[in-house]
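Novice: Below is the sequence, then the predicted model.
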Amino acid sequence: MVEKCGFSGRFPYCNWTIDAPDFYESSWLQDSDPESGLGGWGDPDKDYKVQDGAFARFALKYPSYHPMHHQYTAQPFAAFAASSPTFAQFFNSTMLETYANSTFHADQIAAIIAGNPSDLVNFQLSPDNWICAHGSVHAITGRDLAGTCPATTEDCIPGNKWSPNSPLFFLHHANLNETSATAFAGGSVQAFDNTTYLAEYPTGAPPMLNTSSDIYTDNMFPGAMIGDVSNHTAGYLCYVYE
């Protein structure tokens, strides 16, 4: 890490179960420290731009030039369903009224992980699956992390391509269960056309991939195979979670 990017600090993961009981008032999410704080919720009069913390002046370039935005959205699934007929089919009436933070309490996360060790397909198909525990963090935080278009962007189709704009993306995705660290199963195409297709290919549709499949990087850094990045303390990677 030090040789490649000059970073010598620590990179933590985020245990959202601590914040689940009162996500909006989480002190960690409202830390205004100009060097290390994530800042408070965005100002609705300024397209939910983050006003303080280390990322208040963080310039983002995709899908257009804009500052970072976070918008607290307690019940985000109704808005998702209303935005597209394709999205609507994935949410039943109960989900539409669900408070996002109610889906990632400690007992729910433990059940998801412990109930499907090293089995990504059934992990995706489990009753408490990614659309709840994983997607809820994206959705409740809103805007960049949820793939919402900046107000100033024309001809923009909402999606997940720029959710890594938010540093929370990496803290969220770094949460790891050791028993599943090297598990892999899936295809190269997202199966979001309809619920039948998703149920058949919950971890991606054909062409199928395996641990020897290449990861393409657009020449931003040397390429690797999926298996090369399955272990974060060996081979291509070298870092630990603390």
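Specialist: Great, that's in hand. Numbers count the residues shown, from 1 in each chain.
Novice: all strands of this protein, in order?
Specialist: Using DSSP state E, the strands of the chain run over 59-60, 66-67, 186-189, 205-209, 214-215, 224-225.
Novice: residues in contact with the closest residue to Leu171 other than its chain neighbours?
Specialist: Distances taken as Cβ to Cβ, 6 or more residues apart in numbering put Cys14 closest to Leu171, at 3.9 Å, once the chain neighbours are dropped. Where you see a C-beta, it was placed from the backbone N, CA and C, and this is true even at glycine. Under the criterion of Cβ atoms under 8 Å, 6 or more residues apart in numbering, the neighbours of Cys14 are Leu168, Leu171, His172, Ala174, Asn175.
Novice: Among the residues you listed, find me the one that's closest to Ser36.
Specialist: Lowest distance from Ser36 to the contacts of Cys14 (Cβ to Cβ) belongs to Leu171, with 12.6 Å.
Novice: if I pick that closest one, what's in contact with it?
Specialist: Residues near Leu171 by Cβ under 8 Å, 6+ apart: Pro12, Tyr13, Cys14.
Novice: ok, Ser212 to Leu171 distance?
Specialist: 30 Å (Cβ to Cβ, to the nearest Å).
Novice: cool, Lys49 as well?
Specialist: From Lys49 to Leu171 the distance is 20 Å (Cβ to Cβ).
Novice: now swap in Phe91 and tell me
Specialist: 26 Å.
Novice: cool, Ile140 as well?
Specialist: 14 Å.
Novice: next one: Met68
Specialist: Taking Cβ to Cβ, one finds Met68 at 14 Å from Leu171.
Novice: Number of residues surrounding the residue lying closest to Gly42 once chain neighbours are set aside?
Specialist: Excluding its sequence neighbours, the residue lying closest to Gly42 (Cβ to Cβ, 6+ apart) is Tyr48, at 3.1 Å. Residues lying near Tyr48 (other Cβ atoms under 10 Å) number 23.
Novice: Quick check, pLDDT for Tyr48.
Specialist: At Tyr48, the model reports a pLDDT of 95.
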